[in-house]
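Peer 1: Just need the structure, nothing else, for what follows:
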Amino acid sequence: MSDTLRRTPLYDLHTELGGKIVPFAGYAMPVQYPMGVMGEHTHTRSHAGLFDVSHMGQVILRGPDAAVALERLVPVDLAGLAEGRQRYAMFTNDKGGILDDLMVANRGDHLFLVVNAACKAADLAHMRAGLPELDVTEIADRALLALQGPGAEAALNALLPGVADMRFMDVATFEWQGHALWVSRSGYTGEDGYEISVPDAQATAFASALLAQPDVAPIGLGARDSLRLEAGLCLYGHDITEMTSPVMAGLQWAIQKARRAGGAREGGFPGAERILQELADGPLAIRVGLRPEGRAPMREGTVLWDAPEGGRNLGGVTSGGFGPSIGAPIAMGYIPTTSAQPGTRLWGEVRGKRLPVTVCDLPFRPSTYKR
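Peer 2: Have a look, this model is predicted:
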């Protein structure tokens, strides 16, 4: 393992627990534990899984009308975001592509953002350049944990009484052994759960206290990927990039009325012309669910065709693998809107052979968030 890889505050705990460490976004991270990816996936769906997501960027924005200012960089209604609530957002570029997706929480006198690990430095530079009137501070002394699954509420409430009363996308601060923990009821698995920002010095003790609960097991990046894929959630750099717009990606639900044509604060974000046009007229290509026939998974990069031989190259798979809760291979990718009707049969090229695959709705498995 390269010495240049950064370690999260939980690195020693991962190795103690038998985690298999791999490089990910510049960090040494556990891809799986002795339970294995399939076991970890099903444990999260049936009980509760604990994930180390400390590689993600935690950022605080302070300043006059920070929410209104941040709207210059995202197509999302943040002025209307109530205190104690968070919202999914994306930074867009002038062409309407996505620079990163993120979470934005209104914590009263400031906004708290969580951004993707691989985009952290670029996002900080982007905000500092685009929001000169705001103070943009990276939080470098806190770990971030995610506790996901039907057992998450009871396990976390045992340590932080009151979290059971939170709703999906609520944010609140709780005290544990004299330290402030920043909690949101959200996650990246399609399950009910929480994300918890913990001071570095308390991270291992808090994670260990969660793992001491009978329902909680440690979960690596492998199961994190299969869980989010079943939930139809995008992975930045794969399913969403600078080349894909929010509307192509099926993320128009995250663009509230206030920022749309005729809304109180219509447009005013990078790429607004394209994004508003696509909202009105539809995009040329969209992200779809794909169900390969048979057992062979269709992984990222698999080319999609409209015929078993010859024919047109329609697009490609952006995420794919086996869905343990589905019991079959699943994938997502982009194809022309004209070919995107659920039930449409396409062919994916796997090791030189074209295998049939059917377009389907997303998600593959309904979410269980506590609204």
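
Peer 1: Could I get the buried residue list for the helix or strand where Gly316 lies?
Peer 2: Here Gly316, judged by DSSP states H and E, is contained in strand 313-323. Within strand 313-323, the residues that count as buried by 16 or more other Cβ atoms under 10 Å are Leu314, Gly315, Gly316, Val317, Thr318, Ser319, Gly320, Gly321, Phe322, Gly323. From N, CA and C alone the C-beta is placed, and that goes for glycine too.

Peer 1: hmm, who's touching the helix or strand just after it?
Peer 2: The first helix or strand that comes after strand 313-323 along the chain, using DSSP H and E, is strand 328-336. Identification of contacts with strand 328-336 by Cβ atoms under 8 Å, 6 or more residues apart in numbering yields 229-230, 232, 239, 244, 248, 284-292, 294-299, 302, 304, 314-323, 346, 348, 357, 359, 362, 364.

Peer 1: Could you do stretch 58-67 as well?
Peer 2: Against stretch 58-67 from outside (Cβ under 8 Å, 6+ apart): 69-70, 78-79, 81, 106, 109-115, 123-124, 127, 131, 133-139, 142, 144, 197.

Peer 1: Output that stretch as PDB, restricted to C-alpha atoms.
Peer 2: What follows is stretch 58-67, C-alpha atoms only, in PDB (Å, rounded to 0.1, in the frame of the first residue of the first chain):
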ATOM      1  CA  GLN A  58     -16.900  18.400   5.100                       C
ATOM      2  CA  VAL A  59     -17.200  22.200   4.500                       C
ATOM      3  CA  ILE A  60     -18.800  25.100   6.300                       C
ATOM      4  CA  LEU A  61     -20.000  28.200   4.500                       C
ATOM      5  CA  ARG A  62     -20.500  31.400   6.500                       C
ATOM      6  CA  GLY A  63     -21.400  34.900   5.500                       C
ATOM      7  CA  PRO A  64     -24.300  37.200   4.600                       C
ATOM      8  CA  ASP A  65     -27.100  35.300   2.800                       C
ATOM      9  CA  ALA A  66     -24.900  32.200   2.300                       C
ATOM     10  CA  ALA A  67     -27.800  30.200   1.000                       C
END
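
Peer 1: Can you mark which positions in it are buried?
Peer 2: If you call a residue buried by 16+ other Cβ under 10 Å, then stretch 58-67 has these buried ones: Gln58, Val59, Ile60, Leu61, Ala66, Ala67.

Peer 1: Mind checking which of the residues you listed land in helices?
Peer 2: Judged by DSSP state H, helices contain the following of these: Ala66, Ala67.

Peer 1: for the closest residue to Ser367 other than its chain neighbours, what are its contacts?
Peer 2: Distance criterion Cβ to Cβ, 6 or more residues apart in numbering; nearest residue to Ser367, sequence neighbours excluded, is Gly190 at 4.3 Å. By Cβ under 8 Å, 6+ apart, the contact list for Gly190 reads Leu227, Arg228, Glu230, Ala231, Gly232, Leu233, Pro363, Arg365, Pro366, Ser367, Thr368.

Peer 1: Tell me how many other residues surround the third one.
Peer 2: Neighbourhood size, Glu230 [other Cβ atoms under 10 Å]: 25.

Peer 1: show me what contacts it?
Peer 2: By Cβ under 8 Å, 6+ apart, the neighbours of Glu230 are Gly190, Gly323, Pro324, Ser325, Ile326, Ile330, Pro363, Phe364, Arg365.

Peer 1: from what I can see the fourth one touches His41, true?
Peer 2: Yes - at 7.1 Å, Ser325 counts as touching His41 under the criterion of Cβ atoms under 8 Å.

Peer 1: all strands of the stretch 101-250 of the chain, in order?
Peer 2: 111-115, 135-138, 142-148, 171-176, 179-184, 193-199, 216-218 (DSSP state E, counting those that start in this stretch).

Peer 1: For Asp52, give the beta-bridge partners.
Peer 2: Leu145 (DSSP bridges).

Peer 1: Go ahead and confirm it touches Ala117.
Peer 2: No - with contacts counted by Cβ under 8 Å, Asp52 stays clear of Ala117, the gap being 11.5 Å.

Peer 1: hang on, the earlier thing: which of the contacts of Gly190 tops the neighbour count?
Peer 2: Comparing those by number of neighbours (other Cβ under 10 Å), Leu227 comes first, having 29 neighbours.

Peer 1: How far does stretch 173-186 stretch from one end to the other?
Peer 2: 14 Å (Cα to Cα, to the nearest Å).

Peer 1: Which residue comes closest to Asp215 once chain neighbours are left out?
Peer 2: Asp215 sits nearest to Gly151 (Cβ to Cβ, 6+ apart), 3.5 Å away.

Peer 1: on that earlier part again, of the contacts of stretch 58-67, just the buried ones, ChimeraX syntax please.
Peer 2: To isolate the buried members of the contacts of stretch 58-67 in ChimeraX, using 16+ other Cβ under 10 Å:
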select :69,70,78,79,81,106,110,111,112,113,114,115,123,124,127,131,134,136,138,139,142,144,197
